[in-house]
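Q: sequence first, predicted model second:
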Amino acid sequence: FYVYRIYAYHPSTGKFQTTVTPDPYSNACAADASWSMVCHLPTWKEVLPDDVKSWCDHSFLPLQEDAAIYELHVRDFSMSDPKVS
């Protein structure tokens, strides 16, 4: 874990003072978010077993912005069906 010690002007006191803050760009932090954590977040290619790596082939969709993603909630889909309570 790590934090940054910053010496800067604090407008509420009108003075320069030293403060301690976590890294705002860290990928992980302590449970109370007061400390940043150094960690390696693996990519999907590193996590998936070898026989599943074919899922990572996105050559059929070279531009991610062309993807259409749909989301469906079971309750919203089935609430008007009288057979579902």
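A: Good, I have the coordinates. Numbers count the residues shown, from 1 in each chain.
Q: tell me how far the residue positioned nearest the centre of the chain lies from L41.
A: Closest to where the C-alpha atoms of the chain average out (CA atoms, centre = their mean) is N27, at 7.4 Å. Remark: distance between N27 and L41 (CB to CB, to the nearest Å) = 5 Å. Any C-beta I mention is one placed from the backbone N, CA and C, and that applies to glycine too.
Q: same check on P22?
A: 17 Å.
Q: which stretches in this structure count as strands?
A: Assigned by DSSP state E, the chain shows strands spanning 4-10, 15-21, 28-29, 36-37.
Q: quick one: which of these is nearest S78?
A: strand 28-29 (37.7 Å; CB to CB).
Q: S36: how many residues sit nearby?
A: 20 (other CB atoms under 10 Å).
Q: next: G14.
A: Neighbours of G14 (other CB under 10 Å): 8.
Q: got the contact list for it?
A: G14 makes no contacts at all, as judged by CB atoms under 8 Å, 6 or more residues apart in numbering.
Q: coming back round to it: most packed of the strands of the chain?
A: For the strands of the chain, the largest average neighbour count (mean count of other CB atoms under 10 Å) is found in strand 36-37, namely a mean of 16.
Q: name the helices or strands packed onto it?
A: Judged by 3 or more CB pairs under 8 Å, 6 or more residues apart in numbering; DSSP states H and E, the packing partners of strand 36-37 are strand 28-29.
Q: what segments of this structure are helices?
A: 44-47, 74-78 (DSSP state H).
Q: with mean pLDDT and distance to P11 added, can I get these in TSV?
A: TSV is the format used below for these (pLDDT from 0 to 100; distance: least, CB to CB, whole Å):
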stretch	mean pLDDT	distance to P11
helix 44-47	76	44
helix 74-78	76	47
